[in-house]
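Colleague: after the sequence you'll find the predicted model.
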Amino acid sequence: MEKLSELYQEIILDHNKNPKNFKRLEHPTHTAEGYNPLCGDHYILDLYVENGKIIDIGFSGKGCAISKSSASLMTSCIKGDSIEEAKNLFEQFRLMLKEENISGFIGKKAKITVLRGVKAFPTRIKCATLIWHTLKSALEGNTKTTTE
Amino acid sequence: MQQLENRDNESEYSLTPHVIRNDFPVFRQRIHGKPFIYLDNAASTQNPTSVIERVKKYYEEEHSNVHRGVHTLSQRATESFEKSREVVRSFLNAKSTKEIIFVRGTTEAINLVAKTYGKQILSAGDEILISGLEHHSNIVPWQILCNETGARLKVIPINKKGELILDELPKLLTNRTRLLAVVHISNALGTINPIEYLIKEAHKKGIPVLVDGAQSAPHIPIDVQKLDCDFFAFSGHKLYGPTGIGILYAKEHLLESMPPFQGGGDMIKSVTFEKTIYNDLPFKFEAGTPNVSGAIGLAEAINYITRIGMDTIAVFEKTLVHYATKRLLECNDVRIIGESKEKGGVISFLVGDVHPHDIGTILDEEGIAVRTGHHCAQPVMQFFGIPATARVSFGIYNTKEDVDHLIEGLKKIKKVFN
């Protein structure tokens, strides 16, 4: 049960129940759809970017607790960031799920480390990274992302 | 095996899963420190010792190429391989071993029919009829074929209980329908389709019928002559046998009329650069070296379950499904998807608004294996307006205690997600 309570921490369940930035943007500059056909997780991510800075961000759709809380945490972490900062955070996030390295998260970004428990559940890593891959697609101008 | 043979004197409809479990070495292990409870039999079943030992024996004493060579091992391999075909014939009660084609699995069997029979008979404007309950493997091959030929794919709709709407059938079986391809038991919902009725109705209009038997052959008695189906497909790994082996049954006259599926060795009588004469049935459809160990393992698996008796298995699993349905419905928040009157050993369900993927992870920590997702039947999920379900599916080694553990596991889910 220990591993499991590490995965489903209170803060993750909170984000699942009451996700932050759970909305569509009216005039997004970037939009992408993220889909995991294996489990049916399906989100749409909207961004409003001005001068290389993420002014606003919103996601909508359906998925498991891990994918939804990850989306909620990601959007609240990168709102106000530059595209470069957001991309760097994705790298840190990936590293965390691979090596449990959480040293790269400072300030308000530290809250995203609650997802480190996912590392112990290899089949769920894709749930946690789905929204990040979607972000990458949106920023690169691709409208569809599929993870399997 | 010992245990099974000793049970010969017991009454006809008795099956003791606690004893059968001992025949399956996989249950010796613990998963996350808990006894292993396997409820994902609709995806793959476990293999009994007798199957594992038989495959081992083949590799230790018989392994060689079949239908070639005069040496002893080639003869042994050929003999075991062809004996396996006879075991399958008898299991399905087919007329002849010429009607039993070894393939990789149900998917390959259906693709074989689409690429040979389908391609030969279809013209633009013709129709293939399937049902709203199909697995992707009985949708996509026909879609590809329709794209190639200009034929149209029609679908028998389903109702809220997950049953076929049979009233729609007469107008869907038209004079352009060239084949009805339909699942016997739904892998996503457990619905048992009235297959005899469907076959009769199609035959009244001279339309041949392909039955996807992946979920039926391992769980209920099958008699292809009695059913009078034209094609019947099933997989070894869902029938307590190895992966990579499956069966296509087809009526002999249809197989005779069909062009070969793949070209290569074994499917020919003679080859010159000008002309090839194809081999006789069933070899015409078995190009290349077949999965010999798989076929032998499958035959051993069939021997294992027929020793228990398919009637016995069907009755046992029905009782277990009734018990599981009752227990699940006792839980608040559990919603069962698929409430057909006739149901096989499959139950799809949701727990409150917890995503099935989270259900799967929490149950796995309890040592309980269930399937979560769309079960390769996305149109079924779309019909119910849900992305996925959790699914339990039963086999001969499952017990009422397994169901009780499942219910306890579901309580843990509610505790986590309160």
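Modeller: Great, that's in hand.

Colleague: host element of the residue of chain B found nearest chain A?
Modeller: Residue of chain B nearest chain A, by CB to the nearest CB: residue B:387 (3.1 Å). Backbone N, C-alpha and C define where each C-beta goes, glycine included. Assigned by DSSP states H and E, residue B:387 belongs to neither a helix nor a strand.

Colleague: residue B:414 in helix, strand or coil?
Modeller: Classification of residue B:414 by DSSP: H, G, I helix; E, B strand; the rest coil places it in helix.

Colleague: can you give me every residue that contacts residue B:218?
Modeller: Residue B:218 is in contact with B:41, B:45, B:234, B:238-240, B:305, B:395, counting by CB atoms under 8 Å, 6 or more residues apart in numbering or on different chains.

Colleague: quick one, helices of the stretch 151-300 of chain B?
Modeller: Assigned by DSSP state H, counting those that start in this stretch, the stretch 151-300 of chain B shows helices spanning B:169-172, B:195-204, B:224-227, B:252-257, B:292-308.

Colleague: any idea of the mean pLDDT for stretch B:211-223?
Modeller: The average pLDDT within stretch B:211-223 is 98.

Colleague: please apply the same query to stretch B:163-182.
Modeller: Computed over stretch B:163-182, the average pLDDT equals 98.

Colleague: same thing with stretch B:371-383?
Modeller: On average, stretch B:371-383 scores 92.

Colleague: now do the same contact list for the residue in chain A that chain B sits nearest to.
Modeller: Residue nearest to chain B within chain A: residue A:40 (3.1 Å; CB to the nearest CB). Residues near residue A:40 by CB under 8 Å, 6+ apart: A:62-63, B:356, B:373-374, B:381, B:387-388.

Colleague: quick one, domains of chain B?
Modeller: B:2-48+B:309-417, B:53-306 (automatic domain parsing).

Colleague: got the end-to-end distance for stretch B:188-206?
Modeller: End-to-end span of stretch B:188-206 (CA to CA, to the nearest Å): 30 Å.

Colleague: which parts of that stretch are buried?
Modeller: B:188-193, B:195, B:198-199, B:201-203 (16 or more other CB atoms under 10 Å in any protein chain shown).

Colleague: residue B:236 against residue B:217, yeah?
Modeller: No - checked against CB atoms under 8 Å, the pair residue B:236 and residue B:217 is beyond contact range at 9.8 Å.

Colleague: who has more neighbours out of the two?
Modeller: The neighbour count for residue B:236 versus residue B:217, taken as other CB atoms under 10 Å in any protein chain shown, is higher for residue B:236 (33 against 30).

Colleague: surely residue B:359 is in a strand?
Modeller: No - using three-state DSSP, the assignment for residue B:359 is helix, not a strand.

Colleague: Provide the count of other residues in contact range of it.
Modeller: Neighbours of residue B:359 (other CB under 10 Å): 24.

Colleague: my read is that it contacts residue B:413, right?
Modeller: Yes - taking CB under 8 Å as the definition, residue B:359 is a contact partner of residue B:413 at 5.7 Å.

Colleague: and the helices of the stretch 151-300 of chain B: which comes nearest residue B:71?
Modeller: helix B:292-308 (15.0 Å; CB to CB).

Colleague: and which of the contacts of residue B:218 is nearest residue B:331?
Modeller: Using CB to CB, residue B:41 comes nearest to residue B:331 of those, at 21.7 Å.

Colleague: looking at it, that closest one is touching residue B:393, isn't it?
Modeller: Yes - the criterion here is CB under 8 Å, and residue B:41 meets it with residue B:393 at 4.6 Å.

Colleague: who touches both of those two?
Modeller: Residues touching both residue B:41 and residue B:393 (CB under 8 Å, 6+ apart) are residue B:345.

Colleague: hmm, residue B:349 is touching residue B:333, no?
Modeller: No - assessed by CB under 8 Å, residue B:349 is found out of contact with residue B:333, at 10.0 Å.

Colleague: looking at these two, which is more packed in?
Modeller: residue B:349 (23 against 14).

Colleague: wait, what's in contact with residue 73?
Modeller: Picking chain A for this. Residue A:73 touches A:15, A:20, A:111-112, A:114-115, counting by CB under 8 Å, 6+ apart.

Colleague: right idea, wrong chain: chain B
Modeller: By CB under 8 Å, 6+ apart, residue B:73 lies in contact with B:62-64.

Colleague: show me which of the residues you listed are buried.
Modeller: B:62, B:64.

Colleague: mean confidence for stretch B:344-364?
Modeller: For stretch B:344-364, the mean pLDDT works out to 96.

Colleague: quick one: end-to-end distance for that stretch.
Modeller: Taking CA to CA, stretch B:344-364 runs 24 Å from one end to the other.

Colleague: ok, residue A:25 - how many residues close by?
Modeller: Using other CB under 10 Å, residue A:25 is surrounded by 20 other residues.

Colleague: for it, which non-adjacent residue is spatially closest?
Modeller: Leaving aside its sequence neighbours, residue A:25 sits nearest to residue A:46 (CB to CB, 6 or more residues apart in numbering or on different chains; 3.8 Å).

Colleague: could you do residue B:196 as well?
Modeller: Using CB to CB, 6+ apart, the closest residue to residue B:196 is residue B:227 (6.3 Å).

Colleague: what's the burial count for the one you found?
Modeller: 20.

Colleague: returning to that earlier point: among the helices of the stretch 151-300 of chain B, which is nearest residue B:149?
Modeller: helix B:252-257 (17.4 Å).
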